[in-house]
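Peer 1: structure for this input, please:
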Amino acid sequence: MTPDENFAQLDLQLPPAPTPMGVYKPFLIDGNHCYVSGHGPLLPDQTLITGRVGSDINIEDGKLAARQVGLAILATLKANLGSLNKIKRVIKVLGMVSCAPDFEKHPYIINGCSELFAKVWGEENGIGVRSAVGMGSLPGNIPVEIEVLFELV
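Peer 2: Below is the predicted model of the structure:
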């Protein structure tokens, strides 16, 4: 099955592709690589999930917020490439979690996005290298921000 077919089987709704909230490009192709700027947990109604993991929202809601960030990234890819089939593989994911100072499960939160990508591109191509780090705050009080480097077909 193709990545577009895999995504259709998940029966998930993409939010609209987010517009930049500053001076940057949300999407950039350089050679055979596609860079996607940091995205937040944008919902289909164009609102953002907010709150700090471990104090305002629990770990499961934090993981769902990371999956929602993944959906926003997929929306950006589809808006710019027309199809998820034009992505060969995930190379690198950087996941940032706004969390309480004593929170230690950042990788679990970012799994929400990584598990989504593994379902779309398969485990071999949907899982790349990754960092998952904690932050004192993120823009707009969002709980998760993720940026990704992809390889194009």
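Peer 1: hmm, what's the outermost residue in the chain?
Peer 2: Computed with Cα atoms, centre = their mean, the residue of the chain farthest from its C-alpha average is Asp102, at 23.8 Å.
Peer 1: once you drop chain neighbours, what's closest to that residue?
Peer 2: Gly54 (7.2 Å; Cβ to Cβ, 6 or more residues apart in numbering). For glycine as for every other residue, the C-beta is placed from the backbone atoms N, C-alpha and C.
Peer 1: what's the burial count for that neighbour?
Peer 2: Using other Cβ atoms under 10 Å, Gly54 is surrounded by 21 other residues.
Peer 1: hang on, the earlier thing: list phi and psi for the residue farthest from the centre of the chain.
Peer 2: Backbone geometry at Asp102, expressed as degrees, to the nearest 10, gives phi -90, psi 10.
Peer 1: helices of the chain, start to end?
Peer 2: 3-10, 59-81, 106-126 (DSSP state H).
Peer 1: so which of the ones you listed is the most packed in?
Peer 2: Across the helices of the chain, the average number of neighbours (mean count of other Cβ atoms under 10 Å) peaks for helix 59-81, which reaches a mean of 22.
Peer 1: could I get the average pLDDT for it?
Peer 2: Over the span of helix 59-81, the pLDDT mean works out to 98.
Peer 1: so it versus helix 106-126, what angle?
Peer 2: Orientation note: helix 59-81 sits at an angle of 40 degrees relative to helix 106-126 (axes from the mean of the first three to the mean of the last three Cα atoms, to 10 degrees).
Peer 1: out of the helices of the chain, which is closest to Val23?
Peer 2: Val23 lies closest, by Cβ to Cβ, to one member of the helices of the chain: helix 59-81, at 17.1 Å.
Peer 1: alpha carbons only: can I get stretch 125-132 in PDB?
Peer 2: Written as PDB, here are the backbone C-alpha positions of stretch 125-132 (Å, rounded to 0.1, in the frame of the first residue of the first chain):
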ATOM      1  CA  ASN A 125      10.700   4.300   6.300                       C
ATOM      2  CA  GLY A 126       8.400   6.000   8.900                       C
ATOM      3  CA  ILE A 127      10.800   5.800  11.800                       C
ATOM      4  CA  GLY A 128      14.000   7.900  11.700                       C
ATOM      5  CA  VAL A 129      16.400   9.200  14.200                       C
ATOM      6  CA  ARG A 130      14.800  11.400  16.900                       C
ATOM      7  CA  SER A 131      15.300  13.700  19.800                       C
ATOM      8  CA  ALA A 132      12.600  14.300  22.500                       C
END
